[in-house]
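J.: show me how the following folds:
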Amino acid sequence: MSVFISREEAEQQIRQSRTLAEVKTLISREGIRLWLVGGWVRDFFMGRGFSDVDMIVDTRESSQVQGYVAKLAERLGGSVVALDKERGYWRLANVPQDHLDFAARQADTIEEDLRKRDFTINAVAWDVLGDEFVDPWGGIADCQRGILRALSEDNLAADPLRNLRAWRFLCTHCLVPNPELEGQIRRQVSALRQIASERINEELSRIFAGDIVGQFDFALRSGIFAALWPELVADAVQIKESLKRWEFWKQSPWGKQQAWEQAERKYWEEPVRSGHSRYMLLGWALLLGGGQVKSACRAFRNSAYLDSLVQRFSLSRKERKIINLIGLHGDTAEMLLKGQSLREKWFDFFRSTGREAAAVLLYAWLSQPEALIGQNLPGNVSNMLKDFFENGSAYCPQVPLAVKLLLEKYPQLQGAKIGELTDYLARASAVRGGLTEEQAWQIAGDFINQYK
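T.: Below is the predicted model of the structure:
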């Protein structure tokens, strides 16, 4: 349930904003009417942190909006960026508040402008100069009661992405859909397939950062899931269970040891692309792979399927690579988790998966029905991951002999043969738990003798 804030409290706190104080000073001098709209007002009334600042200028002329933003830039030291000249969208960038977006009215009145928006919670405006709220569609009440309500089904049809945004707001803002919303989306959702992949990717990234598990059934009932992943509908139950384990894993220590917790956290939070961490990618992979190891291996080894995912959801090259590694080595990871812990098998696994070894292992673990919530990783796996995060894996040790030294002693080695020798030494070092230089030379000699 959202935090209730009275209109008086809202007006007082908005007036105290330093950002808006600067804007208000200028518009009072220029005699311009301006409304604060969208996410800033919505999140304020829901007791959340403020998001980007979006404003509507009381004009239909793009040039007038540009001129006003230019004056603000001169005062605040920012720069003017054209977002959509034809529709009058301009951005004031490089200011202390990051950026402010300004738009011309898209209708004759502010009330009709708000009428064109997606949901009532986004259809509230604050008259900056008059300190008054414009709320013709009951958006403040819906914010404070935690209700997601579409302004109309026609508005959902006008931009099909709004159907996906409904799921996103349910996940990120702890909202409850009003009774009509599910049916409205079901009748419009097929148009999602026409939306650019970049726009879908942006919404899905926010969904995965929110309560995707708690709102998973809404995506099924409304048809959103089937529109985005028609090939995965039959696996929906397994996917939801895997995502439950994924959520629990993100939120709990799982018996981590203090000595390597920081290194592990850095690994998972490291972005694999802008705004996408390995945490998020692992959730993506569980969904796209059907929530299981076998189905993921089958799908993620298929280059055509991977290429379709890249195109449909705007995945980066690195994301594609990690997902492909899960497909190639997920079944091996599954066997290792079940006790196949011979050092040479771990060596082969770490050598094949490299830096993404932990991602492949955790995918395999989270895909297992027996990996019950609250159960820790097997001890041997914890030890392997500890080595991985602390040392880059003790199971892929450095060869104690430099390639230069090997070539000096064995000049007959050419091309791939020197690579075979170093791999042979690395495997021996992994199996034995390390080699001295003397032992390494002995093993190298045995290797050379095999080819005489």
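J.: I'd say residue 222 and residue 188 touch.
T.: No: here residue 222 lies out of contact with residue 188, judged by C-beta atoms under 8 Å, at a distance of 9.6 Å. Glycine gets a C-beta too; all of them are placed from N, C-alpha and C.
J.: between the two, what contacts are shared?
T.: Counting by C-beta atoms under 8 Å, 6 or more residues apart in numbering, the residues touching both residue 222 and residue 188 are residue 163.
J.: first to last residue in stretch 231-241, what's the distance?
T.: For stretch 231-241, the first and last residues are 18 Å from each other (C-alpha to C-alpha, to the nearest Å).
J.: please enumerate the strands of the protein.
T.: 34-37, 53-57, 79-84, 89-95, 98-104, 125-127, 132-134, 147-148, 176-177, 271-273, 276-277 (DSSP state E).
J.: could I get the average pLDDT for the second one?
T.: Meaning strand 53-57. For strand 53-57, the mean pLDDT works out to 89.
J.: strand partners (parallel or antiparallel) of that strand?
T.: strand 34-37 (antiparallel), strand 98-104 (parallel) (DSSP bridges).
J.: export it to PDB, keeping only CA atoms.
T.: Taking C-alpha atoms only, strand 53-57 is exported to PDB below (Å, rounded to 0.1, in the frame of the first residue of the first chain):
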ATOM      1  CA  VAL A  53      11.700  15.900 -14.000                       C
ATOM      2  CA  ASP A  54       9.200  16.200 -16.900                       C
ATOM      3  CA  MET A  55       7.400  19.500 -17.600                       C
ATOM      4  CA  ILE A  56       4.700  20.800 -20.000                       C
ATOM      5  CA  VAL A  57       5.000  24.400 -21.200                       C
END
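J.: could you check the angle that strand makes with strand 89-95?
T.: Relative orientation of strand 53-57 versus strand 89-95 (axes from the mean of the first three to the mean of the last three C-alpha atoms, to 10 degrees): 140 degrees.
J.: got a list of contacts for strand 53-57?
T.: Contact with strand 53-57 is made by 19-20, 23, 32-40, 64-65, 68, 88, 97, 99-105, 110, 113, 125, 128, as judged by C-beta under 8 Å, 6+ apart.
J.: the last one now?
T.: With C-beta under 8 Å, 6+ apart as the test, strand 276-277 has contacts from 205, 268-271, 316, 319.
J.: also the third one?
T.: Identification of contacts with strand 79-84 by C-beta under 8 Å, 6+ apart yields 66, 69-70, 73, 89-94, 101.
J.: on that earlier part again, for residue 143, state which of the contacts of strand 276-277 is nearest.
T.: Using C-beta to C-beta, residue 205 is the member of the contacts of strand 276-277 that lies nearest residue 143, at 23.5 Å.
J.: would you agree the closest one is in contact with residue 274?
T.: No: using C-beta under 8 Å as the test, residue 205 is too far from residue 274 to be in contact (9.7 Å).
J.: higher neighbour count, those two?
T.: residue 205 (20 against 7; other C-beta atoms under 10 Å).
J.: circling back to that earlier point, make TSV out of the contacts of strand 276-277 and add distance to residue 290.
T.: Shown next, in TSV, are these (distance: C-beta to C-beta, whole Å):
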residue	distance to residue 290
205	21
268	22
269	26
270	26
271	26
316	22
319	18
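J.: of all those, which comes closest to residue 421?
T.: Once C-beta to C-beta is applied, the member of these that ends up nearest residue 421 is residue 270, at 33.4 Å.
J.: who's in contact with residue 313?
T.: 197, 200-201, 204.
J.: and the buried ones among the residues you listed, selectable in ChimeraX?
T.: Entered in ChimeraX, the line below selects the buried ones among the contacts of residue 313, by 16 or more other C-beta atoms under 10 Å:
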select :200,201,204
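J.: doesn't residue 178 make contact with residue 146?
T.: No: using C-beta under 8 Å, residue 146 makes no contact with residue 178, being 10.7 Å away.
J.: how many neighbours does residue 419 have?
T.: Neighbours of residue 419 (other C-beta under 10 Å): 11.
J.: could you check the pLDDT of it?
T.: 81.
J.: just for the protein, where's the confidence low?
T.: Along the chain, segments meeting pLDDT under 70 span 1-20, 49-51, 96-98, 252-262, 340-341, 370-397, 451-452.
J.: what residue is smack in the middle of it?
T.: Centroid-nearest residue in the chain: residue 205, 3.6 Å away (criterion: C-alpha atoms, centre = their mean).
J.: look up phi and psi at the residue lying closest to that one once chain neighbours are set aside.
T.: For residue 205, ignoring the flanking residues on the chain, the nearest one in space by C-beta to C-beta, 6 or more residues apart in numbering is residue 275 at 5.9 Å. Main-chain torsions, residue 275, degrees, to the nearest 10: phi 80, psi 0.
J.: so residue 275 touches residue 206, yeah?
T.: No: if you go by C-beta under 8 Å, residue 275 and residue 206 don't touch, sitting 9.2 Å apart.
J.: and the residue nearest to residue 105 when sequence neighbours are not counted, how far from residue 66?
T.: Nearest residue to residue 105 in three dimensions, chain neighbours excluded: residue 113, at 5.1 Å (C-beta to C-beta, 6+ apart). As judged by C-beta to C-beta, to the nearest Å, residue 113 and residue 66 stand 19 Å apart.
J.: residues contacting residue 94?
T.: So residue 94 contacts 77-79 (C-beta under 8 Å, 6+ apart).
J.: gap between it and residue 228?
T.: Distance, residue 94 to residue 228, using C-beta to C-beta: 36 Å.
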